[in-house]
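*Asks:* Provided below are the primary sequence and the corresponding predicted coordinates.
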Amino acid sequence: MAIILDGKKLADKLTAELKTAVSTLEKKPKLAVIIANDNPASQIYVKNKKKKAEEIGFESVVIPLKSDVTEEMILEHIYILNEDKDINAILVQLPLPEGLNKKRIIEAIDPIKDVDGFTSYNFGRLALGYNPYAYPCTPKGIIRLLNEYNINIEGKNALVIGRSNIVGKPVALMLQQKNATVTMANSYTKNLKELAINADIIISAMGKPNFIDSSYVKDGAVIVDVGINRINDKITGDVLFEEVKNKASFITPVPKGIGPMTIAMLMQNTYELYKIQENFIL
Ligand code: GUN
């Protein structure tokens, strides 16, 4: 039986630490979230982010925009937030409504306030192995959780399924920097099972419910499930947990795995950007 990688427990611990750190600050870190879609899942994510920020003692502001908002209006909000000395962190909730130029919108965020690490400045620094102002939250949460359980990454075969800018690409780069041998698979990959059964670590972010069954898993592998799939109002990961847990050495549950870690890292990033901007560290 695999050890459960308890993302919820670690996220709660990190949140409590942040709460203590923030309690002594006179000026509080402040997170701004722009949401321009009425996707119910996105609405819930944003609500949870605001709730967590407030629980820690951060200030936060949510800017809800109608899904017919123009690119120029979103850019105008970003320019104002960039200039606002009270705002430390800016997040534009994705996906954006169709027809909007995501690249132009994300690139408008001042890199020093780019709490997701999505701008080319921060992502480029990550790719080059330099410190970005912020690492993308989900990949950072994955690495932090593996670290907590002393899971060795160096020299391991890691398979990353999914190549999004939010999860797959950055986590592959971060694993590589920790000296893993990384394979990146996507929906066109022909021999996924063959790659999977040779992997010591699998990070699945493909969005196919229960797809990874035990026939994809090597004995003793480490399984990280980033999938959030809704089936009849129930959230299911990409991994067939009940089966795979008997074969893996470590496995994340869904929910209470990577999800809470992502929010915890968003909060940590907000605090780190605040410290940089307030010249605590340079
Ligand atoms: N949508 C899904 N995940 C994310 C994320 O990590 N950041 C933002 N901004 N939007 C998302």
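*Replies:* In hand now; what should we look at? Numbers count the residues shown, from 1 in each chain.
*Asks:* got the CA positions of stretch 66-86 in PDB?
*Replies:* Provided in PDB are the C-alpha atoms of stretch 66-86 (Å, rounded to 0.1, in the frame of the first residue of the first chain):
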ATOM      1  CA  LYS A  66     -18.200  40.200 -17.600                       C
ATOM      2  CA  SER A  67     -17.300  37.600 -20.100                       C
ATOM      3  CA  ASP A  68     -17.900  40.100 -22.900                       C
ATOM      4  CA  VAL A  69     -15.200  42.400 -21.500                       C
ATOM      5  CA  THR A  70     -12.700  43.700 -24.100                       C
ATOM      6  CA  GLU A  71      -9.000  43.100 -24.000                       C
ATOM      7  CA  GLU A  72      -8.400  46.800 -23.600                       C
ATOM      8  CA  MET A  73     -10.500  46.900 -20.400                       C
ATOM      9  CA  ILE A  74      -8.600  44.000 -18.900                       C
ATOM     10  CA  LEU A  75      -5.300  45.700 -19.800                       C
ATOM     11  CA  GLU A  76      -6.500  48.900 -18.200                       C
ATOM     12  CA  HIS A  77      -7.200  47.100 -14.900                       C
ATOM     13  CA  ILE A  78      -3.700  45.400 -15.100                       C
ATOM     14  CA  TYR A  79      -2.000  48.800 -15.700                       C
ATOM     15  CA  ILE A  80      -3.700  50.300 -12.700                       C
ATOM     16  CA  LEU A  81      -2.800  47.300 -10.500                       C
ATOM     17  CA  ASN A  82       0.800  47.400 -11.700                       C
ATOM     18  CA  GLU A  83       1.100  51.000 -10.500                       C
ATOM     19  CA  ASP A  84      -0.800  50.500  -7.200                       C
ATOM     20  CA  LYS A  85       1.800  50.400  -4.400                       C
ATOM     21  CA  ASP A  86      -0.700  48.500  -2.200                       C
END
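*Asks:* Now look at that stretch and say if it contacts the ligand.
*Replies:* No - using C-beta under 6 Å from any ligand atom, stretch 66-86 stays clear of the ligand, with a minimum separation of 12.7 Å. Backbone N, C-alpha and C define where each C-beta goes, glycine included.
*Asks:* Kindly report the same for stretch 204-221.
*Replies:* No - if you take C-beta under 6 Å from any ligand atom as the test, stretch 204-221 misses the ligand, and the best it gets is 10.3 Å.
*Asks:* Please enumerate residues in contact with that stretch?
*Replies:* Residues outside stretch 204-221 that contact it (C-beta atoms under 8 Å, 6 or more residues apart in numbering): 138, 160-162, 164, 167-168, 171, 187, 192-193, 196-202, 223-229, 231, 236-240, 243-244, 246-249.
*Asks:* Among these, which ones lie close to the ligand?
*Replies:* Restricting the contacts of stretch 204-221 to those near the ligand by C-beta under 6 Å from any ligand atom leaves Thr138.
*Asks:* Now, of the contacts of stretch 204-221, which are buried?
*Replies:* Neighbour counting over the contacts of stretch 204-221 (16 or more other C-beta atoms under 10 Å) leaves 138, 160-162, 164, 167-168, 171, 192, 196, 199-202, 223-229, 236-240, 244, 247-249 as the buried ones.
*Asks:* Narrow the contacts of stretch 204-221 to those in strands?
*Replies:* Assigned to strands by DSSP state E, the following of the contacts of stretch 204-221 qualify: 160-161, 201-202, 223-225, 229, 231, 236.
*Asks:* Between which two of these is the distance greatest?
*Replies:* For the ones in strands among the contacts of stretch 204-221, the maximum inter-member distance is 26.3 Å, found between Ile201 and Ile231 (C-beta to C-beta).
*Asks:* Touching, Asn39 and Pro95? I think so.
*Replies:* Yes - with contact defined as C-beta atoms under 8 Å, Asn39 counts as touching Pro95 (7.1 Å).
*Asks:* and whichever residue of the chain sits closest to the ligand, how many neighbours?
*Replies:* Among all residues of the chain, Leu94 sits closest to the ligand, at 3.7 Å; criterion: C-beta to the nearest ligand atom. Other residues near Leu94 come to 19 when the count uses other C-beta atoms under 10 Å.
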